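> A predicted structure for the sequence below; I have some questions about it.
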Amino acid sequence: MRNAFDLVRIAAHKNHRISAERMAELLGVPASTFYKWVEETRMPVDKLALFEHIAGCHAVTAYLAHRAHLLVIQIPRGRGAAPQDINTLQSVLNDSAGALIAFNAGTLPADTTMSRLTAGMEALAYHREDVRKHAQPELDLEG
């Protein structure tokens, strides 16, 4: 959980140049409250959703979902994959298979293996959903 909170905070600063003080202001709380939440890795759910939205990083949500043994995927729009997307998928799946081989050979710990397998399953699930939505693609309202 600590790492997930840090990833969101770092993303806010790296991607949007949002300081901790500015983040607190955007969340509508005093900076001391924000610092306490981050230090204790506790935050009200409504503020957590806003925290991740502002940062453009959903690491805490992904952590909580993975902890509950759930897969998390970005919602595809049904626009199809570019060749680079397929190459990335192949790389992730190859890494997943390699992790499983290494685990069974006793050279990779279970937690690392599970993390890499989860990444492969999520990547494949994303492309499966993209294919399913292909007949009725969503409008690109963000770009």
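That came through, no problem. Numbers count the residues shown, from 1 in each chain.
> all contacts plus neighbour counts: C-alpha atoms, from now on.
Will do.
> wait, what's in contact with residue 65?
For residue 65, the contact set (Cα atoms under 8 Å, 6 or more residues apart in numbering) comprises 71-72.
> hang on, I meant residue 33
Contacts for residue 33 (Cα under 8 Å, 6+ apart) come out as residue 24.
> Next, the buried residues of the one helix or strand it maps to.
Here residue 33 sits within helix 31-40, counting by DSSP states H and E. For helix 31-40, a neighbour-count test (16 or more other Cα atoms under 10 Å) marks 31, 34, 38 as buried.
> Report all helices and strands that the helix or strand that that helix is followed by contacts.
Sequence order places helix 45-55 as the next helix or strand after helix 31-40, per DSSP H and E. Here helix 45-55 touches helix 2-16, helix 20-27, going by 3 or more Cα pairs under 8 Å, 6 or more residues apart in numbering; DSSP states H and E.
> so which of those helices gets nearest residue 115?
For the helices and strands packed on helix 45-55, the distance to residue 115 is smallest for helix 2-16, at 14.1 Å, taking Cα to Cα.
> Compute the mean per-residue pLDDT across the closest one, please.
Per-residue pLDDT over helix 2-16 has a mean of 89.
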